[in-house]
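# With the sequence up front, the predicted model follows.
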Amino acid sequence: MAWTFSNPLYSLSDEELNVKARDVWEGESLGGIMEDNHRLPKPVVWLCALTILTAFLVTAPLWGQRPNAAIYEEYVALMDTAEVQALPDDKAKMAYIVNKVKAQGSPWAALQDRHPLEMDDLRMIKGQIIELKNAGLDLQEYNILGNQVVLANFEGNYKADGTRERKQPWWDKGYTIDIFYVSYFCIAVMIAVKRLPNHEWEPDHSKAH
């Protein structure tokens, strides 16, 4: 069962293990199923790579993200203004608020685009956000869950007052973790495949069938 790393793209097993694997492959009937030793078609490999790459490029900023109360603070501040109240319906009011905040250059613009709200949603969390702000609490430490604004379920570094930081850590924003998962999967599949006899060898099914 010795490992060899002299030519890992060819085989990770020494010759002795490859001989045993070939003997098992050809010597057992495998329930009457004939398994060949063809390599995975290149188009399939490229398709898998393209799928993974596309998934990361398109959705990386979204994975694991949770909207916090701070990204809607600017929305709440505009809700009771005369300009908003003069508009005829909720759809127009919400569109005005979103466009106004975007035009002002909000630091939360990206998250506001990823987590849009309707006016009814904003009404449900408005009072809670104002209450937290008046209490001098950090809105970034509170997440929006449905119609509730709740303390984020994170415990980060200790702050100067001795409490724990409740902001979402950078590594939990998703794609960093997923990079590890995808890497583990690809490495595990490669190791499993390269521990088998190389694709240049084809089993003789007549020996056991």
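Cool, the structure landed. All figures in this text were calculated on a predicted structure; none of them were measured in a lab. Numbers count the residues shown, from 1 in each chain.
# What would stretch 181-196 look like as PDB? C-alpha coordinates only.
Once non-C-alpha atoms are left out, stretch 181-196 reads as follows in PDB (Å, rounded to 0.1, in the frame of the first residue of the first chain):
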ATOM      1  CA  TYR A 181     -14.600  22.600   0.500                       C
ATOM      2  CA  VAL A 182     -14.200  22.600  -3.300                       C
ATOM      3  CA  SER A 183     -10.400  22.100  -2.900                       C
ATOM      4  CA  TYR A 184     -10.900  19.200  -0.500                       C
ATOM      5  CA  PHE A 185     -13.300  17.600  -2.900                       C
ATOM      6  CA  CYS A 186     -11.100  18.000  -6.000                       C
ATOM      7  CA  ILE A 187      -8.000  16.800  -4.100                       C
ATOM      8  CA  ALA A 188      -9.800  13.800  -2.600                       C
ATOM      9  CA  VAL A 189     -11.100  12.700  -6.000                       C
ATOM     10  CA  MET A 190      -7.700  13.100  -7.600                       C
ATOM     11  CA  ILE A 191      -6.100  11.000  -4.800                       C
ATOM     12  CA  ALA A 192      -8.700   8.300  -5.200                       C
ATOM     13  CA  VAL A 193      -8.300   8.200  -8.900                       C
ATOM     14  CA  LYS A 194      -4.500   8.300  -8.900                       C
ATOM     15  CA  ARG A 195      -4.300   5.400  -6.400                       C
ATOM     16  CA  LEU A 196      -5.900   3.200  -9.100                       C
END
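# List the buried residues for it?
Residues of stretch 181-196 classed as buried under the neighbour-count rule (16 or more other Cβ atoms under 10 Å) are 194, 196. Bear in mind the C-beta positions are built from the backbone N, C-alpha and C, glycine included.
# Show me the contact partners of that stretch.
Contacts of stretch 181-196 from elsewhere in the structure, counted by Cβ atoms under 8 Å, 6 or more residues apart in numbering, are 8-13, 17, 21, 37, 52.
# mind redoing it with 6 Å?
11-13, 52 (Cβ atoms under 6 Å, 6 or more residues apart in numbering).
# Over to stretch 39-48?
Judged by Cβ under 6 Å, 6+ apart, the contacts made with stretch 39-48 from elsewhere in the structure are residue 199.
# Could you pull up the mean pLDDT of that stretch?
For stretch 39-48, the mean per-residue pLDDT is 88.
# farthest-separated two in the contacts of stretch 181-196?
13 and 52 (26.8 Å; Cβ to Cβ).
# All set, thanks.
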